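Chemist: Any chance you could fold what I've pasted below:
(chains A and B)
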Amino acid sequence: MDETVYVNEKGERLDGRKVDELRPIKIVPSVLSRAEGSCYIEWGQNKAIAGVYGPREALPQHIQDPTKALVNFTYRMATFSVSDRKSPRPGRRDIEISKVCGEALANAIFLERFPNTTIDVYVQIFDSNAGTRITALTAASVALADAGIPMRDLVAGVSVGKAGGHIILDLNKEEEDAPDAVDMPIAILPRTKDIVLLQMDGLLKKEEWLKAFELAVKGCNQVYQKQVEALKAKYGMPAIEHETQKEEKAVPQKPIPQPKKPVEVKPAEGEEEKKERVEEIKREMEQQIKEISEKKKPKIEELKFNSGGDNQ
Amino acid sequence: MKKDDIIWEINADKIKEQIKEGKRVDGRKMDEYREIKILKDFSKNAHGSAIARIGETEVIAGIKMDLAEPYPDTPDEGTISVGAELMPMASPIFEAGPPREDAIELARVVDRGIRESKALDFKQLCITPGEKVWIVFIDLYVANHTGNLFDTSAMAAMSALLNTRIPKIEDDKIVKGEFTGNLVLSRKPILSTFAKINGKVVLDPIIAEEKAMDARFSVATTEDGFLSAFQKGGQGHFTEQEITQCIDIAFAKGKELREKLR
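Modeler: Down below sits the predicted model:
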């Protein structure tokens, strides 16, 4: 055990990653046809599906809050997702994770727009190797966006921690089992760096916390980029999908901070032309949003949710 | 809400009317399956796993093999245990919580189709007679429900079983991460489910048809001409002729579906 070298002299970890390197992440929104929003995620060996329903009437009635919507987050692990078969019944761990993840998401959603309702978020883990709560939260946040629920920002999370004396990003199971392991899942709203989920177990010095947090923000920004990319691949400017590349690049980007990839704007095109094109796209998108929201709300009682305008 | 169950209930009359002329809402033939897709080896921590999709209905199956004491009346036989969870993300009407009667019926029908076909030799699952046998846990997770959970679940379960590795045992204990070979299945039972709507019988009902149906019939068939499970559901009835017709279709379609299991 104590012989294990968690970071070698080349700066490589047991699985070959650098100290500040995430495992490969794949995010696919809109994978379920029934749910109003959904997302499939692969994060290293972790695999999960998130599904969102709502805002819908909160029942039984006494749980309703006349000032805002409730967030009901359900995190569950499949029986076969861990090395020994897990009981299908939810355990204390499932319930605690559900609570903290739900609270993290609640911070990002404009809950006050949907009084007396509940937003149900379900995440099921099908394969696991450390960091499943962060995987679940990251997927859930994309699923909420997929459902068209208005949010201040996406919630992006990572786990940071310590193994063999090194502060590292995105611990895997082997590292989590290190004798001096510290595991610290963090989720932030990347635009403001507001911390919306923070847990830690292990022994950590103050300096180490500062270093770990810095690393976590770096990791969260990378996760955020993946989330945005996935949503853009699904929803990004659908109106111009089959038009020329030149026009595609002329589209103004919403002020979503993308730390790694500065947006290129083609200078070749005339200013006037660009503006016209922008207006046209805006109109088309508004039309589409209208169509989608109309399709999504078949019941009369639900129409009231629509009045707030989902496009902000 | 993408498609609402309430809307389907309202549409039920239209479905019943159309079916009289042999027309289905989605334009399929009366004995036609939706597109079927299988994705194997989904979960590394599982001993076997698969995702099955029939149309948009999606079921994820995972296998875990564990050691247990045999039942006193079958001391030299292992066993299987099927569990089904209708995850709340799969439909707006599913709720979290312990399995209700729908989920229990689903699990038991899948269980019978596999168990009674003798696809798995339970004697082969015995390690020490009277003391230790394998129990094969087949857990089904319904991720998206657009109709016909039975056939989708059975396909997922069979695909997962077909790529299940048997854990290595040392000193009567499972050695994690080591395997001694694959689970052997001598047959591949296929479940086919029919809905009776307004006197007509259709294969692979979508949820709109399930809302309109009077009765449901599921039959498991094997490649060597055996029937391994029946289940009739719903308040309506079938005639002997209809059941016989269902069986004929099930054998024919079973062949097609079995190809997808490979």
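Chemist: Can you list the residue ranges for strands in the chain?
Modeler: Let's take chain A. A:25-29, A:37-43, A:46-57, A:70-77, A:117-127, A:156-163, A:166-169, A:182-189, A:194-198 (DSSP state E).
Chemist: The intended chain is chain B.
Modeler: Under DSSP E, chain B gives strands at B:36-40, B:48-54, B:57-68, B:79-86, B:126-128, B:132-144, B:165-170, B:173-182, B:190-197, B:200-203, B:215-221, B:227-233.
Chemist: Reformat these as CSV; add mean neighbour count and mean pLDDT.
Modeler: For the C-beta atoms, the positions are set from N, CA and C on the backbone; glycine is no exception. Output for these, formatted as CSV (neighbours: other Cβ atoms under 10 Å in any protein chain shown; pLDDT from 0 to 100):
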stretch, mean neighbour count, mean pLDDT
strand B:36-40, 16, 96
strand B:48-54, 26, 97
strand B:57-68, 24, 97
strand B:79-86, 21, 96
strand B:126-128, 16, 94
strand B:132-144, 23, 97
strand B:165-170, 15, 95
strand B:173-182, 12, 92
strand B:190-197, 26, 97
strand B:200-203, 21, 97
strand B:215-221, 23, 96
strand B:227-233, 18, 95
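Chemist: residues contacting residue A:56?
Modeler: A:117-118, A:120, A:302, B:92 (Cβ atoms under 8 Å, 6 or more residues apart in numbering or on different chains).
Chemist: Spell out which parts of chain B neighbour chain A.
Modeler: Applying Cβ under 8 Å from any Cβ of the partner chain, we find that chain B lies next to chain A at B:1-4, B:6-7, B:42-47, B:49, B:56, B:58, B:60, B:62-64, B:66, B:83, B:85, B:87-92, B:96, B:98, B:137, B:139, B:141, B:143-146, B:176.
Chemist: hmm, try it at 7 Å
Modeler: Contact residues, chain B versus chain A (Cβ under 7 Å from any Cβ of the partner chain): B:1-2, B:4, B:7, B:42-46, B:49, B:56, B:60, B:62-64, B:66, B:83, B:85, B:87-92, B:96, B:137, B:139, B:141, B:143-146, B:176.
Chemist: centroid residue for chain B?
Modeler: residue B:154 (2.0 Å; Cα atoms, centre = their mean).
Chemist: ok, and the closest non-adjacent residue to that residue?
Modeler: residue B:191 (3.6 Å; Cβ to Cβ, 6 or more residues apart in numbering or on different chains).
Chemist: Who does that neighbour form a beta bridge with?
Modeler: residue B:220 (DSSP bridges).
Chemist: just the one 5 residues further on next, same as before
Modeler: Each beta-bridge partner of residue B:196 is listed here, defined by DSSP bridges: residue B:201, residue B:215.
Chemist: Now do residue B:2, the pLDDT please.
Modeler: pLDDT for residue B:2: 42.
Chemist: And residue A:272, by the same measure?
Modeler: The model's pLDDT for residue A:272 equals 70.
Chemist: What is the neighbour count of residue 223?
Modeler: Answering for chain A, as no chain was given. 27 (other Cβ atoms under 10 Å in any protein chain shown).
Chemist: look at chain B instead
Modeler: For residue B:223, using other Cβ under 10 Å, the count is 14.
Chemist: same thing with the one 3 residues further on?
Modeler: Taking other Cβ under 10 Å as the criterion, the count of residues near residue B:226 is 14.
Chemist: which residues touch it?
Modeler: Counting by Cβ atoms under 7 Å, 6 or more residues apart in numbering or on different chains, residue B:226 touches residue B:117.
Chemist: Dihedrals phi and psi, it?
Modeler: Main-chain torsions, residue B:226, degrees, to the nearest 10: phi -100, psi 150.
Chemist: I'd say residue A:110 and residue A:148 touch.
Modeler: No. Using Cβ atoms under 7 Å, residue A:110 is not in contact with residue A:148, being 11.9 Å away.
Chemist: Looking at these two, which is more packed in?
Modeler: Shown here are residue A:110 and residue A:148; by other Cβ under 10 Å, residue A:148 has more neighbours (18 against 14).
Chemist: Quick check: the gap between the more buried one and chain B.
Modeler: 12 Å (Cβ to the nearest Cβ, to the nearest Å).
Chemist: Check residue A:5 too.
Modeler: Residue A:5 is 21 Å from chain B, by Cβ to the nearest Cβ.
Chemist: same thing with residue A:181?
Modeler: 20 Å.
Chemist: repeat for residue A:91
Modeler: 14 Å.
Chemist: how far away is that residue from residue A:167?
Modeler: According to Cβ to Cβ, to the nearest Å, residue A:91 stands 30 Å off from residue A:167.
Chemist: count of residues packed around the closest residue to chain A within chain B?
Modeler: Closest contact between chain B and chain A, by Cβ to the nearest Cβ, is at residue B:89 (2.6 Å). Number of residues near residue B:89 (other Cβ under 10 Å) recorded here: 30.
Chemist: how about the contacts of residue A:56 in JSON lines, adding pLDDT?
Modeler: Shown next, in JSON lines, are those (pLDDT from 0 to 100):
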{"residue": "A:117", "pLDDT": "97"}
{"residue": "A:118", "pLDDT": "96"}
{"residue": "A:120", "pLDDT": "97"}
{"residue": "A:302", "pLDDT": "35"}
{"residue": "B:92", "pLDDT": "89"}
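Chemist: ok, the residue of the stretch 51-200 of chain A found nearest chain B - contacts?
Modeler: Proximity to chain B, evaluated over the stretch 51-200 of chain A using Cβ to the nearest Cβ, is greatest for residue A:51 at 2.6 Å. Counting by Cβ under 7 Å, 6+ apart, residue A:51 touches A:32, A:35, A:38, A:122, A:143, B:89.
Chemist: cutoff 10 Å now
Modeler: A:31-32, A:34-39, A:74, A:120-124, A:139-140, A:143, A:146-147, B:87-91, B:143-144 (Cβ atoms under 10 Å, 6 or more residues apart in numbering or on different chains).
Chemist: Filter those down to the buried ones, PyMOL style.
Modeler: A single PyMOL command selects the buried members of those (16 or more other Cβ atoms under 10 Å in any protein chain shown):
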select buried, (chain A and resi 31+32+34+35+36+37+38+39+74+120+121+122+123+124+139+140+143+146+147) or (chain B and resi 87+88+89+90+91+143+144)
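Chemist: picking up where we left off before, on the strand side of things, show who the residue of the stretch 51-200 of chain A closest to chain B bridges to.
Modeler: Applying DSSP bridges, one finds that residue A:51 bridges with residue A:38, residue A:122.
Chemist: swap in residue A:28?
Modeler: Going by DSSP bridges, residue A:28 forms beta bridges with residue A:40.
Chemist: Now that it has come up, it's in contact with residue A:227, right?
Modeler: No. The pair residue A:28 and residue A:227 does not pass the contact test of Cβ atoms under 10 Å, sitting 11.3 Å apart.
Chemist: Can you give me every residue that contacts the spatially closest residue to residue A:189 that is not a sequence neighbour?
Modeler: Excluding its sequence neighbours, the residue lying closest to residue A:189 (Cβ to Cβ, 6+ apart) is residue A:153, at 4.1 Å. When contacts are counted by Cβ under 10 Å, 6+ apart, residue A:153 is found next to A:107-108, A:141, A:188-192, A:194, A:196, A:224, A:256-257.
Chemist: Thanks again, I'm all set now.
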